[in-house]
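Student: Task: produce atomic coordinates for the following.
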Amino acid sequence: MVDILSKGHEIQHPASPTIYHNMNFDLIVIGSGPGGYVAAIRAAQLGMNVAIIERESLGGICLNWGCIPTKALLKSAQVFDYLNHAEDYGIKVGKPLADFEAMIKRSRGVADGMSKGIQFLMKKNKITVIMGNAKLVKGPKVAVTDAEGKVTEYTAKGIIVATGGRAKELPNLKIDGKKIIEYRKAMSLESQPKRMVVVGAGAIGVEFGYFYHSIGTEVSIVEFMEQGLVPREDADISKELGKIYAKKGFKIYGGWAVESVDTSGKEIKVNMKNRKDGKAETILCDVVLSAAGVNPNTENIGLEELGIATDRGYIKVDEYCQTNVPGIYAIGDVLATQALAHVASAEGITCVEKIAGHHPEPIDYNNIPGCTYCSPEVASVGYTEQAAKEAGYELLVGKFPFSASGKAKASGHSEGFVKLIFDKKYGELLGAHMIGANVTEMIAEIVVARKLETTGHEIIKSIHPHPTMSEAIMEAAAAAYGEVIHL
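Tutor: Okay, here's the model as predicted:
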């Protein structure tokens, strides 16, 4: 089956020999994740002749193995949790059973559907899709090796590297894909483990921990940082999530280092040491999930040959994502910015608009929202309280608990709170930190408010609908100024 595009490109599906009439482009994007495909579409909108190169599946890690399929798994866990607590809502049902295989199958189906959606967007925007492994060569050009080993060179006026990242491997935690796994394998296990140790308590760790614990797996979470769960969040958020997870039955080890993992026997032995007092402890489990972050995919793509500057494996760029080599750009997880899909997309758009001769505003990396989709959810943007103090601000801090929210109580989810941080002198909204049901849908209000340089009193005087979870934002602002009504 052949797709004929109006710009003279001829593309066959990856299963067939690929034929390309056009070897020269205005822009080539290497990688089709949320940074790459968004950059390609924006470039096409601006009139560029664009090609995108992908070695695996359109949509990259986010759509195929990250953001989207994990949310499908988490939704299954949430529904299962609702059914287990149906009587709390006045509903009697039989005891539900978690069908692990069906949950995994649904997740993969959602991912496959989204990847097909990206194929449609490529065709709609007349973007040439080239399947294969890409490497930068002098010219600059891109050499692509296809599945049969054939190498073809393509030229472009501009090239964007958007090759993403992969699971970070710790020295004492060698990923083997069987007993020690990373997030991709965690979404495609053949059977549900009875006991799991999660190493790393960031977003990946607490999300997978929640999923597996919800369907009956005994989960222990080990975190190197003493703050414990979600250690990059505000300390109050970490403390609250730790209390909630402990109440649910998680075993949490904050401030512990994994010394070694013994996989030689039937049971896996995870040997740990407490960083503060040196106490040693061993956890027995069936599988270990390494969730210690991501590393950039910058090896073997020709950076050294072209003299592109890097730092600890990350590509160095200016505020518009241009490298030190003219015509070569980089976006997403290959940069030392936040490894988030929406950051990669924003970088892609900013980069392409600059290439097109527009004058985009550089990205404000202090106004990037972060979301963790465990239960309860966590969302934040801007300064933590500690970081704001270290930056020299005198603060006004307001907190409103969802236990005082009518909507939260009615929905059966009164855990958590909204915390807002203001500069006392000018009323600037410095940061927001939320934990509770659906807070990932609420954080955008704060992002817009900070972008518009909204003050605390402006939030207080902005009438929020009742009853809603978002009222907590208005109430938290009022609490910071001593004007809170419902506490």
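Student: what does the helix ranked longest in the chain contact?
Tutor: In the chain, with assignment by DSSP state H, the single longest helix is helix 100-124. With contacts defined as C-beta atoms under 8 Å, 6 or more residues apart in numbering, helix 100-124 is touched by 3, 5, 32, 37, 40-41, 52, 57-59, 63-65, 68-70, 72-73, 76-77, 129, 187-189, 191-192, 215. Glycine gets a C-beta too; all of them are placed from N, C-alpha and C.
Student: Distance from the chain centre to that helix, please.
Tutor: Centroid separation for helix 100-124 versus its chain: 18 Å, with C-alpha atoms, centre = their mean, to the nearest Å.
Student: circling back: and the contacts of helix 100-124, which are buried?
Tutor: Buried members of the contacts of helix 100-124, counted by 16 or more other C-beta atoms under 10 Å: 5, 32, 37, 40-41, 52, 57-59, 63-65, 68-70, 72-73, 76-77, 129, 187, 189, 192, 215.
Student: So which of those sit within strands?
Tutor: Judged by DSSP state E, these include Ile52, Val129 as members of strands.
Student: SS state for Ser220?
Tutor: strand (DSSP: H, G, I helix; E, B strand; the rest coil).
Student: residue boundaries of the helices in the stretch 101-250 of the chain?
Tutor: Along the stretch 101-250 of the chain, counting by DSSP state H, counting those that start in this stretch, helices occupy 183-186, 203-214, 235-248.
Student: Let's have these in a markdown table, adding distance to Asp262 and mean neighbour count.
Tutor: Shown next, in a markdown table, are the helices of the stretch 101-250 of the chain (distance: least, C-beta to C-beta, whole Å; neighbours: other C-beta atoms under 10 Å):
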| stretch | distance to Asp262 | mean neighbour count |
| --- | --- | --- |
| helix 183-186 | 20 | 20 |
| helix 203-214 | 21 | 25 |
| helix 235-248 | 26 | 18 |
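Student: Which one of those helices lies nearest to Phe224?
Tutor: Phe224 sits nearest to helix 203-214 of all the helices of the stretch 101-250 of the chain, at 11.1 Å, using C-beta to C-beta.
Student: returning to what we had before: buried stuff in the longest helix of the chain?
Tutor: For helix 100-124, a neighbour-count test (16+ other C-beta under 10 Å) marks 100, 103-104, 106-108, 110-111, 114-115, 118-119, 121-122 as buried.
Student: May I have the phi/psi pair for the nearest residue to Lys316 once chain neighbours are set aside?
Tutor: The spatial neighbour of Lys316 that comes closest, neighbours along the chain excluded (C-beta to C-beta, 6 or more residues apart in numbering), is Ala309 at 4.4 Å. Backbone torsions for Ala309, taken as degrees, to the nearest 10, come to phi -70, psi 140.
Student: Just want to check the distance between Ala309 and Leu335.
Tutor: 12 Å (C-beta to C-beta, to the nearest Å).
Student: Need the residues touching each of those two.
Tutor: By C-beta under 8 Å, 6+ apart, Ala309 and Leu335 have these common neighbours: Ile315.
Student: show me the contacts for Tyr393.
Tutor: Tyr383, Asp423, Lys424, Leu430.
Student: which two in those are spaced the farthest apart?
Tutor: By the measure C-beta to C-beta, Tyr383 and Lys424 form the most distant pair in those, at 13.5 Å.
Student: Quick check: beta-bridge partners of the residue nearest to Leu173 when sequence neighbours are not counted?
Tutor: Excluding the flanking residues, the one nearest Leu173 by C-beta to C-beta, 6+ apart is Ser290, at 5.1 Å. In this structure, Ser290 bridges to Val199 when assessed by DSSP bridges.
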